[in-house]
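**Q** dropping a prediction and its sequence here:
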Amino acid sequence: MKKLRIIIVNICRLLLALTFILSGYVKAVDPLGTQYKLDDYLIAMSLSDYVPDFVTLGGAVGLAALEFSLGIFLLFSVRRRIVPRLILAMMVFMTALTVWIYAADPVKDCGCFGDAIKLTNGETLAKNIVLLVCAIVVARWRKDMKRLISKSNQWIVLNYTVIYIVLTSLYCLYALPTFDFRPYRVGTDIKKGMEIPEGAEQPEFVTTFIMKKDGQTKDFTLENYPDSTWEFVDSKTVQTKAGYEPPIHDFSITLNSTGEDITEAVLSHKGYTFLLISPHLGYADDSNFGNIDQIYEYATDYKVPFYCLTASTEKDIQRWIDMTGAEYPFCTTDERTLKTVIRSNPGLLLLKDGVIIGKWSHNQLPTTDELTAPLGKLEIGQMPKDNTASRILKVLMTFVLPLLLLTIADRMWAWSKWVRNKEKSNKLYQFFKNNRKMRKKIVAGNWKMNLNLQEGVALAKEINEALAAEKPNCDVVICTPFVHLASVAQVLDASVVGLGAENCANKEKGAYTGEVSASMVKSTGAQYVILGHSERRQYYGETAEILKEKVDLALANGLKVIFCCGETLEEREAEKQNEVVKAELVGSVFHLDAEAWKNIIIAYEPIWAIGTGKTATSDQAEEMLAYIRSIVAEKYGKEAAEETSILYGGSCKASNAPELFSKPNIDGGLIGGASLKCADFKGIIDAWKK
Ligand code: PGA
């Protein structure tokens with residue numbers, strides 16, 4: 001059931017999205033046409049006198065951008081909360097409007113798809129009812145819409161779409177519509193467009209006669225026309241069926257100077273004719289009149305007829321002549337027809353044998369550099385090749401392709417993220433991949449005898465903030481001198497950074513001046529303690545036996561022990577490293593039972609690598625850690641060994657950590673020098689993200 005609902009919601013979404021994109025785009029490429037349509041509505045509502053032109057033009061650009069953008073947003077399913085609601089609001093408004101149009105018939109064509117697709121008012125109403133239902137479905141179950149792009153990247157789609165569509169409108173205003181859906185596109189034979197084909201449907205009319213006899217009036221038709229005793233009063237003729245209407249039906253040219261209809265003469269003229277088109281010279285843009293005059297001069301030189309077709313008053317024509325010095329003849333043509341012919345006021349048309357072969361906005365008129373020879377010898381005098389395909393390609397390359405590439409990149413990114421999350425959450429996958437079943441990855445810092453209290457607290461704070469802002473992929477612990485512990489515990493969020501001591505006493509309590517017990521460490525809020533570090537063995541004479549006591553007390557007080565082991569350089573050179581390490585473990589921790597073992601973390605630190613800048617190679621470290629795991633397995637079983645975290649320590653830094661941590665047996669690091677600066681320490685922690 002839910003699946004079916006998801007399918008229905010997404011079909012509705014697609015239907016709405018494609019309709020909005022199409023209707024927005026065809027409006028955007030013809031902003032003037034859209035403005036004219038808005039004017040029609042305002043006239044029908046008797047509001048046209050109150051709304052200035054710039055408002056309707058702005059409204060046209062805005063409406064196109066809104067429809068197109070909402071369509072794209074819905075297609076990509078971005079802003080799922082607001083977009084479906086806006087679309088629903090628009091559909092409610094549009095449907096109400098079309099009910100009115102259907103009932104009152106104030107405009108012939110709703111203008112939903114500009115001039116690209118013409119629908120009757122009934123068809124528009126049906127279409128809007130279907131879309132309204134779709135909009136309700138989508139708004140109700142908006143969360144069922146599948147996203148095409150992740151939330152974090154949706155801003156790119158939002159901005160790119162709005163910028164693209166507004167720029168498209170502005171360009172089409174400056175030039176001419178990129179796609180011309182009107183009956184006067186380049187290549188049109190105007191005369192042919194006016195023809196009514198043979199056998200075309202004829203319009204039908206019915207005439208009613210109102211007759212009177214003996215003071216009584218009655219209606220008759222031709223079929224039941226009465227005898228002569230009835231006296232004729234009036235007659236009414238109504239059209240009952242519209243006949244075929246040719247695509248061009250209101251095109252006529254009347255020469256103002258003589259009042260002569262020259263339509264036939266112009267359209268049948270063999271050769272070229274320039275038609276300067278201006279529905280209203282009063283509103284025409286006069287910034288390029290110099291170019292127009294030059295073209296007129298050129299036309300006169302080469303005997304090409306040149307007319308200005310306008311629906312302006314004599315006064316406006318005279319103003320234009322005074323302003324521009326125009327010498328060309330003026331003709332009258334229907335205003336609506338002129339607005340349909342070219343979306344530029346003024347605009348220029350070039351006819352050859354009555355066929356439109358060129359159209360220019362006043363911003364892109366041919367220049368004198370181009371008009372150097374008779375038209376027959378110039379490129380602009382030839383019928384241009386149909387470049388619709390290349391224009392469609394341009395749209396695809398500039399809008400569709402970038403969005404498509406963005407979507408592919410985004411999906412790949414989302415997919416890799418999904419895989420990463422899956423890996424993290426899928427323990428079985430982890431087991432097979434890394435053989436690191438439940439093992440914790442740990443990066444622990446060992447500050448040693450560095451930093452005073454204030455410096456230590458500041459560093460702890462900094463580390464805590466950095467890791468709270470960007471969750472690490474491992475457990476992080478900082479081990480500090482005793483005096484820092486209580487204060488540092490205050491600034492750490494224990495769920496982000498763990499805290500440990502660097503040592504504890506081998507006595508429980510009592511008269512041991514200068515010592516700090518495990519229970520005291522625990523009471524500060526610390527959870528870990530480092531024991532068996534080579535520096536303590538070397539400088540403070542800590543033997544395996546003493547360490548054993550310390551380990552027992554630490555565990556008894558609820559601390560986790562990071563137990564260090566490692567060989568000297570001589571021992572390694574003598575190839576005694578395995579023996580030494582095993583002896584250290586056996587001597588101090590292998591007496592523990594399986595339960596206590598769970599709180600032991602081993603840190604292998606070859607003494608020759610500590611603080612020397614000399615790191616064991618990742619292979620050397622891996623070899624030793626694998627060995628340690630094997631002896632843990634011998635003692636506590638394979639499963640316990642798999643769960644024991646074993647760290648490497650000794651000159652570990654951000655640059656070598658990724659390589660070290662990539663080894664299957666290395667579960668993290670115990671870091672000395674590089675744990676004293678937040679950035680260095682974080683660099684090592686981040687190695688787990690690579
Ligand atoms: P180091 O010290 O990172 O400065 O070499 C490691 C340690 O002693 O724990």
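**A** Yes, it's here.
**Q** count the residues that sit near the residue of the stretch 101-250 of the chain found nearest the ligand.
**A** Here the stretch 101-250 of the chain gets closest to the ligand at one residue, Ser152, 36.9 Å apart by Cβ to the nearest ligand atom. For every residue, glycine as well, the C-beta is placed using N, CA and C. For Ser152, the count of nearby residues is 10 (other Cβ atoms under 10 Å).
**Q** could you chop the chain up by domain?
**A** Following automatic domain parsing, one gets these domains for the chain: 2-174, 190-383, 425-474+483-558+568-689.
**Q** to Ser416, which of these lies closest?
**A** Ser416 lies closest to domain 2-174 among these, at 11.8 Å (Cβ to Cβ).
**Q** next one: that closest one to chain centre, how far?
**A** Per Cα atoms, centre = their mean, to the nearest Å, the displacement of domain 2-174 from the mean C-alpha position of its chain is 19 Å.
**Q** is the residue of the stretch 101-250 of the chain closest to the ligand in a helix, a strand, or coil?
**A** At Ser152 the chain is in helix, as set by DSSP: H, G, I helix; E, B strand; the rest coil.
**Q** residues in contact with Ile149?
**A** Phe76, Ser77, Val78, Ile156, Val157, Leu406, Thr407, Asp410 (Cβ atoms under 8 Å, 6 or more residues apart in numbering).
**Q** ditto for Met624
**A** The contact partners of Met624, by Cβ under 8 Å, 6+ apart, come to Gln577, Asn578, Val581, Tyr604, Pro606, Ala616.
**Q** what's the pLDDT at the second one?
**A** Right, Asn578. On the pLDDT scale, Asn578 is placed at 96.
**Q** same thing with the one 5 residues further on?
**A** Ala583 is assigned a pLDDT of 97 by the prediction.
**Q** what's the burial count for it?
**A** Ala583 has 14 neighbours, counted by other Cβ under 10 Å.
**Q** who are the contact partners of it?
**A** Counting by Cβ under 8 Å, 6+ apart, Ala583 touches Ala544.
**Q** surely it is in a helix?
**A** Yes: under three-state DSSP, Ala583 falls within a helix.
**Q** quick check: the gap between it and the ligand.
**A** With distances taken as Cβ to the nearest ligand atom, to the nearest Å, Ala583 is found 20 Å from the ligand.
**Q** what does the residue in the stretch 201-350 of the chain that the ligand sits nearest to show for phi and psi?
**A** In the stretch 201-350 of the chain, the residue that lies nearest the ligand is Arg343 (74.2 Å; Cβ to the nearest ligand atom). Main-chain torsions, Arg343, degrees, to the nearest 10: phi -90, psi 60.
**Q** need the pLDDT of Lys427.
**A** Looking at Lys427, its pLDDT reads 55.
**Q** returning to that earlier point: of the contacts of Met624, just say which sits nearest to Glu567.
**A** Nearest member of the contacts of Met624 to Glu567, counting by Cβ to Cβ, is Gln577, at 4.2 Å.
**Q** show me the contacts for that closest one.
**A** Gln577 neighbours (Cβ under 8 Å, 6+ apart): Glu567, Glu571, Pro606, Met624.
**Q** Trp320 now?
**A** Ser278, Leu281, Ala284, Asp286, Ser312, Ala326.
**Q** so which of those residues reach the ligand?
**A** Residues of the contacts of Trp320 in contact with the ligand (Cβ under 6 Å from any ligand atom): none.
**Q** restricted to buried residues, select those in PyMOL.
**A** A single PyMOL command selects the buried members of the contacts of Trp320 (16 or more other Cβ atoms under 10 Å):
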select buried, resi 278+281+284+312+326
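**Q** among the contacts of Trp320, which two are most distant?
**A** Farthest pair in the contacts of Trp320 (Cβ to Cβ) is Asp286 and Ser312. Separation: 13.0 Å.
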